[in-house]
Structures are given as structure tokens and as C-alpha cells.
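[1] pasted the sequence and its predicted model underneath.
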Amino acid sequence: MTVRYCTRCRKPYGEAVEGVVNAARTYAPFCSKRCADVDLVHWLKGEYVIGDDGDLSLAEETEAPPPRSRPADEEEA
């Protein structure tokens, strides 16, 4: 099994632990509910910010997608 490291506390996780049901998978990329909750609190306080790069303008948000072309199989039928 691949050993991963919690993005919050850097503890290794990924191996099954007796008595803990799928803890590693349930809270990935964190090792536990506590680390997941601590990270969420940082987001809610505004301590983490996603940069301005890649913001969509109103024109980009409302622009219609290009029409899809049909596969060659359907055109012949």
C-alpha cells in the first residue's frame, strides 16, 4: 500500500489501522477528521485564498459551447 502524508500535520497514513474503519480513505488527503476540520476552519476564516489567475469574465461564463459534430457512423445512417 502506498504511504501518503497528511497535508495538514505531515503524518504518514494509508495503512489500515485496526479499530478504525477506512479512516485513511474517509478523510483523504488528511489523516483524520481532526486534520480535515482544522483545514476547513482555515478556509472558513479566509486564511487560504485562491489566486486571481484564471478568473472567468461574464462573457466567458455566458458564452455558448460550440455545436458538437456527429461521428462519421451516424452521418451515413
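    Sure thing, it's come through. Residues are numbered from 1 along each chain as shown.

[2] in this structure, where is pLDDT below threshold?
    Across the chain, the ranges flagged by pLDDT under 70 are 1, 15-25, 52-66, 70-77.

[3] which one's the longest helix in it?
    Assignment by DSSP state H gives helix 33-44 as the longest helix of the chain.

[4] elements contacting that one?
    Packing contacts for helix 33-44, counted by 3 or more Cβ pairs under 8 Å, 6 or more residues apart in numbering; DSSP states H and E, involve no helix or strand. Heads up, the C-betas are built off the backbone N, CA and C, glycines and all.

[5] and the gap between residue 35 and residue 47?
    Applying Cβ to Cβ, to the nearest Å, the value for residue 35 to residue 47 is 15 Å.

[6] what about those two, which has more around it?
    For residue 35 and residue 47, the more surrounded residue by other Cβ atoms under 10 Å is residue 35, and the numbers stand at 19 against 9.

[7] quick check: nearest residue in space to the more buried one, chain neighbours excluded?
    Counting by Cβ to Cβ, 6 or more residues apart in numbering, residue 35 lies nearest to residue 8, which is 3.9 Å off, once chain neighbours are set aside.
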